[in-house]
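K.L.:
Make a model of this:
(one chain, ligands or ions: 1)
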Amino acid sequence: MASVVIVGGGAIGLASAFFLQRGGDFSITVIDQGAIGDGCSYGNAGFLSPSHVVPLAAPGVVSKGLRWLLDPESPFYIRPRWDPELFRWLWRFRQAATSTHVVRSAPVLQALLERSRELTVQLQEVVGDFELRREGLLMPFQSKEGRQECEALAREAVRLGIAHAWIAAEQLAELAGTEVRAQGGLFFPGDAHLRPDRFTAALHRYLEQQGVRFLPNTPVRGLVRRGFQVAGVQVAEGTLEADLVVVAAGAWSAELVRAVGYRLPLQPAKGYSLTFTPPEGMPRRPLLLTETKVAVTPFREAFRLAGTLELAGLELSLNWRRVQAIYRAAGRYLPTLRLPAMEQAEIWAGLRPCTPDGLPVVDRVPGTDNLWLATGHAMLGISLAAVTGELVAALISGAAPPIAPTPLRADRW
Ligand SMILES: Cc1cc2nc3c(=O)[nH]c(=O)nc-3n(C[C@H](O)[C@H](O)[C@H](O)COP(=O)(O)OP(=O)(O)OC[C@H]3O[C@@H](n4cnc5c(N)ncnc54)[C@H](O)[C@@H]3O)c2cc1C
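P.N.:
Predicted structure coming up:
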């Protein structure tokens, strides 16, 4: 039985452990520097969005990003600093932000997202309830620019056959279950959502019952290399030997694989969420507020607002102006929402692992035989966790992958 060490106990590491364990031929250890499920997979919006087929690198994003840089409350920010890795990443991002890239990548993301939604439904049946609900995603817009953005998404949806509907202003309240101040909206009925902390907790609990070993609060300090092989990982107590190592360390992954000479272009993109007890006037299904990019998610026992994308490095400090902007956005679109004061919210920051072309990397690390990488899921890590796990298990076991993994290769840069 081959031993596998998975570095990272987030959605991606846990889903990889699930599918490897199901295959049956591995003894698995999941290591995390903190608590299991406490990284970016904890406080995100929980959208499971087969509608999100347009990668972050898309036409118009660069010019919009530049305009947003001047606005301290905008959903996008780059912390000015001297960082050659960031410059290289931004250059590659600019190269990728073309319509050709979108035309090529959207069907890849669509296939992955649809497979993942199907697998996530099956996962819940096996590991227990994580509040998965298929109630669609509504994108209300308040401006001409917002409508144009939705039109671009709808064009892509038509091209790829993704179910969607335009919602007139006077029908928004009925669909959302609360008043919505907007000119109209675009609705994706095939989208779903789940409670992300319950998703990771259910996987963790189930895997522990199945004999997967967990080592929380155990930072991996490096990889132990032996020729083209990785012999294990370095932790405070010494070397933890393994036949195979999977790096699923989210925004921290690039640092780990650099030790074996592979430069993964990955930037952490910070986002925030505010979680409240369910307020009066809460919508009954998830919304994505088009202009502000704020995600609004009603859970069974909580209500969450999430947003912003800050390229500020590997740090989790809170930018209060942007946190307040998320809070205020909800009131701008939802006039009857009675949000408690911001002080009563659980305020959280997380780091999305972002590649410059907006596609994840699921592959063996170039130049090694037994080191695997599963990261770069940006704003889709919950949506894509299940299919990534399935792909990791298939690639490692030499089974036919569910979806051709070529666009996710590590040597594409
Ligand atoms: C505000 C916000 C909203 C979002 N909304 C959505 C959404 O609605 N839908 C969606 O699909 N995605 C969403 N995302 C993105 C999603 O949260 C991420 O893509 C996903 O959580 C990434 O999962 P991961 O397992 O790769 O990373 P993580 O969950 O960060 O897990 C990586 C783990 O690796 C551990 N680790 C790192 N380095 C080491 C080391 N050296 N040793 C040991 N352990 C290590 C970390 O402690 C961490 O627990 C959102 C993100 C943010 C910030």
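K.L.:
Could you check how far Trp413 is from Pro360?
P.N.:
Computed as C-beta to C-beta, to the nearest Å, the Trp413 to Pro360 distance reads 13 Å. Using the backbone N, CA and C atoms, a C-beta is placed for each residue, glycine as well.
K.L.:
Comparing those two, which residue is more hemmed in?
P.N.:
A direct count of neighbours by other C-beta atoms under 10 Å for Trp413 and Pro360 places Pro360 higher, at 26 against 13.
K.L.:
from memory that one sits against Ser383, does it?
P.N.:
No: taking contacts as C-beta atoms under 8 Å, Pro360 lies outside contact range of Ser383: 10.8 Å.
K.L.:
quick one: contacts of stretch 331-342?
P.N.:
Here stretch 331-342 makes contact (C-beta atoms under 8 Å, 6 or more residues apart in numbering) with 140, 142, 178-182, 274, 276-277, 279-283, 287, 289, 292, 296, 323-324, 327, 330.
K.L.:
got it, and stretch 78-92?
P.N.:
Stretch 78-92 is contacted by residues 69, 254, 265-267, 310-313, 356-357, 413 when judged by C-beta under 8 Å, 6+ apart.
K.L.:
what do you get for stretch 66-77?
P.N.:
64-65, 78, 292-294, 307-312, 319, 321-322, 324-325.
K.L.:
wait, what's in contact with the one residue in the stretch 251-400 of the chain that gets nearest to the ligand?
P.N.:
Closest residue of the stretch 251-400 of the chain to the ligand, C-beta to the nearest ligand atom: Gly381 (2.1 Å). The contact partners of Gly381, by C-beta under 8 Å, 6+ apart, come to 10-12, 40-41, 44, 250, 352-353.
K.L.:
again, only using 10 Å
P.N.:
10-12, 15, 39-41, 44, 196, 248, 250, 350, 352-353, 360, 375, 388 (C-beta atoms under 10 Å, 6 or more residues apart in numbering).
K.L.:
And Ala192, by the same measure?
P.N.:
Listed by C-beta under 10 Å, 6+ apart, the contact set of Ala192 reads 46-50, 117, 120-121, 132-137, 286, 383.
K.L.:
for His377, same thing?
P.N.:
Neighbouring residues of His377 by C-beta under 10 Å, 6+ apart: 10-12, 40-41, 112, 248, 250, 352-355, 358-362, 383-385, 388.
K.L.:
quick revisit: make a PyMOL selection of the buried ones in the contacts of stretch 331-342.
P.N.:
The following PyMOL line selects those of those that are buried, judged by 16 or more other C-beta atoms under 10 Å:
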select buried, resi 140+142+178+180+182+274+276+282+283+287+289+292+296+323+327+330
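K.L.:
So which of the contacts of stretch 331-342 belong to helices?
P.N.:
323-324, 327, 330 (DSSP state H).
K.L.:
got these as CSV, with distance to the ligand and pLDDT columns?
P.N.:
As requested, those are exported to CSV (distance: C-beta to the nearest ligand atom, whole Å; pLDDT from 0 to 100):
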residue, distance to the ligand, pLDDT
Val323, 11, 96
Gln324, 15, 96
Tyr327, 13, 97
Ala330, 14, 97
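K.L.:
quick check, nearest of those to Val126?
P.N.:
Nearest to Val126 among these: Ala330, at 34.9 Å, using C-beta to C-beta.
K.L.:
Tell me which helix or strand the residue lying closest to that closest one once chain neighbours are set aside sits in.
P.N.:
In space, and not counting its chain neighbours, Ala330 is closest to Leu305: 5.4 Å by C-beta to C-beta, 6 or more residues apart in numbering. Applying DSSP states H and E as the criterion places Leu305 in strand 303-311.
K.L.:
And that strand, what does it pack against?
P.N.:
Contact partners of strand 303-311 among helices and strands, from 3 or more C-beta pairs under 10 Å, 6 or more residues apart in numbering; DSSP states H and E: helix 61-69, strand 76-78, helix 84-96, strand 267-276, strand 287-289, strand 294-298, helix 320-333, strand 346-354.
K.L.:
Give me the angle between the longest one and strand 303-311.
P.N.:
Using axes from the mean of the first three to the mean of the last three C-alpha atoms, to 10 degrees, one finds that helix 320-333 and strand 303-311 are set 130 degrees apart in direction.
K.L.:
all helices for the chain, in order.
P.N.:
For the chain, the helices defined by DSSP H occupy 11-23, 61-69, 84-96, 99-127, 144-160, 172-176, 196-209, 253-258, 320-333, 385-397.
K.L.:
if we can go back for a sec, who wins on neighbours among the contacts of stretch 78-92?
P.N.:
Using other C-beta under 10 Å as the neighbour criterion, Gln267 leads the contacts of stretch 78-92 with 26 neighbours.
K.L.:
Next one: it from Leu314, what distance?
P.N.:
Distance from Gln267 to Leu314, by C-beta to C-beta: 9 Å.
K.L.:
pLDDT-wise, which helix or strand of the protein ranks last?
P.N.:
Least confident element among the helices and strands of the chain, by mean pLDDT, DSSP states H and E: helix 61-69 (a mean of 80).
K.L.:
Buried ones in that one, by neighbour count?
P.N.:
So helix 61-69, judged by 16+ other C-beta under 10 Å, has buried residues 61, 65, 68.
K.L.:
ditto for stretch 99-107
P.N.:
101-102, 105-106.
K.L.:
between these, which is nearest Leu408?
P.N.:
The shortest approach to Leu408 among the buried residues of stretch 99-107 belongs to Ser105, at 10.6 Å (C-beta to C-beta).
K.L.:
Pretty sure Arg412 is one of the things the closest one touches, is it not?
P.N.:
No: contact between Ser105 and Arg412 fails when scored by C-beta atoms under 10 Å: they sit 11.3 Å apart.
K.L.:
Need the overlap of contacts for these two.
P.N.:
Joint contacts of Ser105 and Arg412 (C-beta under 10 Å, 6+ apart) are 357, 359.
K.L.:
I'd say Thr308 and Ala325 touch.
P.N.:
Yes: here Thr308 lies in contact with Ala325, judged by C-beta under 10 Å, at a distance of 7.7 Å.
K.L.:
what residues are shared contacts of these two?
P.N.:
In contact with both Thr308 and Ala325: 73-75, 272, 292, 294, 319, using C-beta under 10 Å, 6+ apart.
K.L.:
Give me the subset of those that also touch the ligand.
P.N.:
Checking the shared contacts of Thr308 and Ala325 against the ligand by C-beta under 6 Å from any ligand atom, the ones in range are Tyr272.
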